[in-house]
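Peer 1: Turn this into a model:
(one chain, ligands or ions: 1)
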Amino acid sequence: MPVQIVRNDITKMKCDAIVNAANPTLLGGGGVDGAIHEAAGSGLLEECRTLGGCKTGEAKLTGAYDLPCKYVIHTVGPVWRGGQNNEEALLKSCYRNSLTTALEHGCETLAFPLISSGVYGYPKEQALRVAVDSITEFLTEHDMLVYIVVFDRSSFRISEKLFADISSFIDDKYVDANFKFRFSGRGESGESAVLGETQILYPAAANLAQLRRPAKPTKALSLEEALKQTDESFSEMLLRKIDEKGMTDAQCYKKANIDRKLFSKIRGDRLYRPSKQTAIAFAIALELPLGEAKDMLMKAGFALSHSSRFDIIIEYFITNENYNVFEINEALFAFDQPLLGA
Ligand code: APR
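Peer 2: Coordinates of the predicted model:
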């Protein structure tokens, strides 16, 4: 995955270079600037003193001293003044100039904080979109592994309504899954445990039957169709869906945030078995309806499990035909789940 969103302290990242959200003096400050200077030690400040400052949108490189990386690239983001003062363009140039500087110094891995989204007040969600758009655009021309290091929960905002919707969706699916498992596991403890938990979870449910939801009937396939589809491998289905959607290979794997090399492997081996995360990323990129998404996962040897919150959240978004990776990641982050592309 060329762009990965991770939750970490950027001073711990063992990349070739990390980016500092500095101020024009380059003489340190609070936030990530303060953390990087503190972790790097006094040598960093001494070198920064020789640079003569840095203009907003520009980037300058120094050594990393006591940090576990080779370089620090200092860039100065725009202060947010409402969005009508060229803020987005300046923020984009921070990313572009930092990436170019990293490339010029042979870096293969690079970590960014969410520039300007702290003291400088850039709304976090917009700051994240600018970051991903700028980095993704650069990576269409260059190979590099780039991390966006999200430090605190407020970097991902999720609306109360969406949070409540997903919570009840999880409860429904989760309870169903546990229910079928527990209920079929009758026995002294099984039955009383289920009854006990059920009464706590759903005091209003007069009897167990209320909690069972009849599975939705799926369209019956003809035997010939079923056999044809079972013969089709994951790779064949993926390529078929790319064609059906009128996408190019590159459009699909970039939208899925899968690197070109991995896609070539999948394309070149009809029996290739991707990871579950990769299969889900392609199903989202192709905007498959739930049935087809499950089918694609099954061809890779996986299923969306109702005992996994991650899977239930993915199922929630596909069921609601919301394929926006940001919103999916905001939800995954809010529920402490690993992120897509991470
Ligand atoms: N690792 C990763 N991210 C971090 C860390 C850390 N250790 N510390 C803070 N952040 C995150 C913040 O949560 C925020 O999302 O970095 C993002 C950028 O916040 P700031 O560090 O406040 O940077 P910025 O908004 O660009 O403001 C720059 O702040 O620290 C001063 O000297 C700096 O004047 C400059 C201004």
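Peer 1: only C-alpha atoms for contact and neighbour calcs from this point on.
Peer 2: Noted.
Peer 1: Would you mind naming what in the protein lies close to the ligand?
Peer 2: 9-11, 21-23, 28-35, 77, 113-121, 149-152 (Cα under 6 Å from any ligand atom).
Peer 1: can we see that at 5 Å?
Peer 2: Proximity of the chain to the ligand, by Cα under 5 Å from any ligand atom, involves residues 9-10, 21-23, 29-33, 113-120, 151.
Peer 1: give me every residue that touches the nearest residue to Ser98 once chain neighbours are set aside.
Peer 2: Distances taken as Cα to Cα, 6 or more residues apart in numbering put Ala59 closest to Ser98, at 5.5 Å, once the chain neighbours are dropped. Ala59 makes contact with Ile73, His74, Thr75, Val76, Cys94, Asn97, Ser98, Thr101, according to Cα atoms under 8 Å, 6 or more residues apart in numbering.
Peer 1: cutoff 10 Å now
Peer 2: Contacts were defined as Cα atoms under 10 Å, 6 or more residues apart in numbering; by that measure Ala59 touches 19-22, 73-77, 93-102.
Peer 1: Strands - which of those residues land there?
Peer 2: Val19, Asn20, Ala21, Ala22, Ile73, His74, Thr75, Val76 (DSSP state E).
Peer 1: Next, format those as a markdown table and append pLDDT.
Peer 2: Shown next, in a markdown table, are those (pLDDT from 0 to 100):
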| residue | pLDDT |
| --- | --- |
| Val19 | 98 |
| Asn20 | 98 |
| Ala21 | 98 |
| Ala22 | 98 |
| Ile73 | 98 |
| His74 | 98 |
| Thr75 | 98 |
| Val76 | 98 |
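Peer 1: Between these, identify the one with the most neighbours.
Peer 2: In terms of neighbours by other Cα atoms under 10 Å, those top out with Asn20 at 32 neighbours.
Peer 1: Quick check, that one in contact with Leu27.
Peer 2: No: the criterion here is Cα atoms under 10 Å, and Asn20 misses it with Leu27 at 11.7 Å.
Peer 1: Show me the common contact partners of these two, please.
Peer 2: In contact with both Asn20 and Leu27: Asp33, Gly34, His37, using Cα under 10 Å, 6+ apart.
Peer 1: Quick one: name whatever helix or strand follows the helix or strand where the last one lies.
Peer 2: Read it as His37. Taking DSSP states H and E as the definition, one finds His37 inside helix 31-40. Once the chain leaves helix 31-40, the next helix or strand it forms, by DSSP H and E, is helix 42-49.
Peer 1: sorry, back to before: mind giving me TSV with the ones in strands among the contacts of Ala59 and columns for distance to Cys107?
Peer 2: Output for the ones in strands among the contacts of Ala59, formatted as TSV (distance: Cα to Cα, whole Å):
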residue	distance to Cys107
Val19	12
Asn20	16
Ala21	19
Ala22	20
Ile73	11
His74	15
Thr75	16
Val76	20
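Peer 1: picking that back up, would you mind getting the angle between the helix holding His37 and helix 42-49?
Peer 2: Per axes from the mean of the first three to the mean of the last three Cα atoms, to 10 degrees, the angle that helix 31-40 makes with helix 42-49 is 120 degrees.
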